[in-house]
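J.: Build me a model from this:
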Amino acid sequence: MIPNITRGSRMTGLILYLASTNADKTKNAHTEPHLVAGDAAIMAWYDDGVLDKDDALAIAKHLDRPRKAFGVSVQVKDMQWDAAKKERIHVGYKDASVWHCSLSLRAEEGALTDQQWGDIANDFVDAMGFTETSGKARCRWAAINHGTSENGNHHIHIAVSLVREDGTKASTHGDYKRAQNTCRELEVKYGLEQLSTVHAARGYDRAEKATAVRDEREMHRWSLARKVRASAGASVSEAEFVRRARDTGLLVRPRYAKNTTDVIVGYSVAERPRPGERPIWFGGGTLACDLKLTALRDGWMDSPQLAMEAAAEWNAAARNKRKVFRTGPEKAEPPAEMWVEYTRNATELVEQLRALPLDDHATWAKAARDVSGAFAAWSHRLEPTPGPLAATAAELSRTAQLRTPKAHGKPVPLPSIAGTAMLFMAASSKNKTAAQSALMLQLVNTAFAIHEMHQQSGRTREAQRIRAIVTEQLKPFAASMPRPVAAGAPGQAAPERTTVPKSVELGLRGLTPVRPGSAVPAAPTPARTGQHTGRGSGPVLDR
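T.: Below you'll find the model as predicted:
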């Protein structure tokens, strides 16, 4: 449940807006606005009938009466943008006696009943200190439900007068953090999806999903995010990223700093449109928190020369011209021994993740980003339509997106698996190989390490989603993979096997707990089909 707080001075304007139907508008149209909760007097006067303009005016007058009776206003600093100084400056004070907060569910959660919303609203204002439970005089308040938002989010609005019944002012110090913490507690109490205070995935517009269903295709933003993630993970420089993204079929355009044509500060991408259609552009940051250009640049080499090459590629992409450097590293076939090298790196990464502190969110996000990019690249290479590889990439990308990245510092150095995306993108054949199987084994081990981190951190839903993806959606794909075998001498690729075993070893054998209750696989050992071995509780993928 997502709280969104705003402050204002006009209670009448707010309530008229919340009780309106916006019949003449297509954006954020309200349907059947009605009360679901409020202070005792409000609930004694009104039932759950649809509110009209007269009702709205009466409710606003009731909520605003203490402020007018005592002649009290709640002042806050008035900060305005100074273009010359390029910063916000204090220009005085303004009235902000009206406290407004929307409580919104994710679109995937569906809707709640009015009774449920009423209970949640009462608990919420209690926790925020606006009622008698605070030990002070109560504030007047009302909660209004006016339907589902344009983006498909079922929600309510809570309006509170910050002047209490006795004329004192209600404190809003720390209200943003308190609202977030309260929502986390209410999610547990009412069985709602528990949103992470650490990770934040991007939502989508309800119209996008409706269009995708109508056209029988994947939503643009999901396809775009996967291709961008694969291209970014496979690249060692910004110029290479631009070329790889264009090779996947994406339209790419830069966002320049003001009054420049060579300083790129952001980007947008779009799928190539069908005949007669226009491209639908998405900024990198709207696809995922970790796909902003500033975040992507953290994983690439940088120098003045590379910056010039990147600017040249961005300019070519913006004009839909040929790529400037058409013989970049993305055109080279990686040597066979690189599969062995990155499989070894992935194995070492799993071992180090097992000892990584659960609260090192920056490092866990970096590991999730790399393994998600690998699955995204593999999906691009092998899946004509999104399948289990795409689903795995999407699920792991949730952990790669931190709500406040700057608050978590820099990731600690770990064995790199970023190049695994390059291997899958550069593979000349779509045939599945034993080398891919060996690498996949360790990628799944990494996914389960991330699963176990969420489990031990109390983020049960995140852990369940990752486990379900690996054990259910990857199962048929895994069964079709050649069995991974030991690598040959240094510099030699692992030999192929043509037979497919009865069970595919994906690192889900011999599960030995590495922390109490862990489900992270230890080193794989042979196991009988359909049985668990070792002391752990991880799943076995059988044919």
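
J.: okay, and for this structure, where does confidence drop off?
T.: 22-29, 81-86, 90-91, 107-108, 150-152, 194-218, 405, 427-430, 484-543 (pLDDT under 70).

J.: which residues of it fall in strands?
T.: 2-8, 34-38, 75-82, 87-95, 98-104, 141-145, 155-161, 250-256, 264-271, 282-283 (DSSP state E).

J.: Single out the most deeply packed of these.
T.: strand 141-145 (a mean of 26; mean count of other C-beta atoms under 10 Å). C-betas here are computed from N, CA, C, even on glycine.

J.: one step back: CSV please, covering the strands of the chain and showing distance to residue 62.
T.: Shown next, in CSV, are those (distance: least, C-beta to C-beta, whole Å):
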stretch, distance to residue 62
strand 2-8, 17
strand 34-38, 9
strand 75-82, 23
strand 87-95, 19
strand 98-104, 13
strand 141-145, 8
strand 155-161, 9
strand 250-256, 48
strand 264-271, 47
strand 282-283, 43
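
J.: Extract the C-alpha set from stretch 171-180 and format it as PDB.
T.: Written as PDB, here are the backbone C-alpha positions of stretch 171-180 (Å, rounded to 0.1, in the frame of the first residue of the first chain):
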ATOM      1  CA  SER A 171       2.200  18.000  14.400                       C
ATOM      2  CA  THR A 172       3.200  16.600  11.100                       C
ATOM      3  CA  HIS A 173       6.800  16.200  11.900                       C
ATOM      4  CA  GLY A 174       8.200  13.000  10.300                       C
ATOM      5  CA  ASP A 175       4.800  12.300   8.700                       C
ATOM      6  CA  TYR A 176       6.300  10.900   5.500                       C
ATOM      7  CA  LYS A 177       8.300   8.200   7.300                       C
ATOM      8  CA  ARG A 178       5.500   7.500   9.800                       C
ATOM      9  CA  ALA A 179       3.000   7.000   6.900                       C
ATOM     10  CA  GLN A 180       5.400   4.500   5.200                       C
END
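
J.: Can you point out the buried residues in that stretch?
T.: 172, 175, 178-180 (16 or more other C-beta atoms under 10 Å).

J.: So which bits of stretch 313-322 are buried?
T.: Result for stretch 313-322 [16+ other C-beta under 10 Å]: buried residues 313-318.

J.: Rebuild those as a markdown table, extending it with distance to residue 8.
T.: A markdown table is the format used below for these (distance: C-beta to C-beta, whole Å):
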| residue | distance to residue 8 |
| --- | --- |
| 313 | 46 |
| 314 | 42 |
| 315 | 44 |
| 316 | 48 |
| 317 | 43 |
| 318 | 41 |
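
J.: Next step: the residues you listed restricted to helices.
T.: Assigned to helices by DSSP state H, the following of the buried residues of stretch 313-322 qualify: 313-318.

J.: closest to residue 331 among the residues you listed?
T.: Nearest to residue 331 out of those is residue 313 (C-beta to C-beta; 14.2 Å).

J.: Could you find the closest non-adjacent residue to the closest one?
T.: Counting by C-beta to C-beta, 6 or more residues apart in numbering, residue 313 lies nearest to residue 242, which is 4.0 Å off, once chain neighbours are set aside.

J.: Now do the contacts for that neighbour.
T.: For residue 242, the contact set (C-beta atoms under 8 Å, 6 or more residues apart in numbering) comprises 252, 310, 313-314, 317, 323.

J.: Reformat those into JSON lines and put distance to residue 292 next to each item.
T.: Formatted as JSON lines, those follow (distance: C-beta to C-beta, whole Å):
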{"residue": "252", "distance to residue 292": "15"}
{"residue": "310", "distance to residue 292": "16"}
{"residue": "313", "distance to residue 292": "18"}
{"residue": "314", "distance to residue 292": "15"}
{"residue": "317", "distance to residue 292": "18"}
{"residue": "323", "distance to residue 292": "23"}
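
J.: these two touch, right, residue 246 and residue 322?
T.: No - counting by C-beta atoms under 8 Å, residue 246 stays clear of residue 322, with 9.8 Å between them.

J.: if I look at the closest residue to residue 255 other than its chain neighbours, how far off is residue 160?
T.: Leaving aside its sequence neighbours, residue 255 sits nearest to residue 266 (C-beta to C-beta, 6+ apart; 3.8 Å). Separation of residue 266 from residue 160 (C-beta to C-beta, to the nearest Å): 37 Å.

J.: Show the contacting residues for residue 119.
T.: 37, 190.

J.: I'd like to know how far it sits from residue 103.
T.: In terms of C-beta to C-beta, residue 119 sits 12 Å off from residue 103.

J.: do the same with residue 36
T.: Taken as C-beta to C-beta, the span from residue 36 to residue 103 is 11 Å.

J.: Can you check which residues contact both of these two?
T.: 117, 121, 156.

J.: of all those residues, which comes closest to residue 73?
T.: Among the shared contacts of residue 36 and residue 103, and counting by C-beta to C-beta, the member closest to residue 73 is residue 121, at 25.6 Å.

J.: doesn't residue 37 make contact with that closest one?
T.: Yes - here residue 121 reaches residue 37: they are 3.8 Å apart, a contact under C-beta under 8 Å.

J.: anything in contact with each of the two?
T.: Common neighbours of residue 121 and residue 37 (C-beta under 8 Å, 6+ apart) are residue 143.

J.: what about the closest residue to residue 380 other than its chain neighbours, how many neighbours?
T.: Using C-beta to C-beta, 6+ apart and skipping the chain neighbours, the partner closest in space to residue 380 is residue 230 (5.0 Å). By the criterion of other C-beta atoms under 10 Å, residue 230 has 29 neighbours.

J.: And for residue 327?
T.: Neighbours of residue 327 using other C-beta under 10 Å come to 8.

J.: Residue 258 too?
T.: Residue 258: 6 neighbours (other C-beta under 10 Å).

J.: Same question for the one 4 residues further on.
T.: The number of residues packed around residue 262, counting by other C-beta under 10 Å, is 14.

J.: ok, and the closest non-adjacent residue to it?
T.: residue 311 (4.5 Å).

J.: Looking at the ones in helices among the buried residues of stretch 313-322, which one is closest to residue 401?
T.: For these, the nearest to residue 401 is residue 314 (24.2 Å; C-beta to C-beta).
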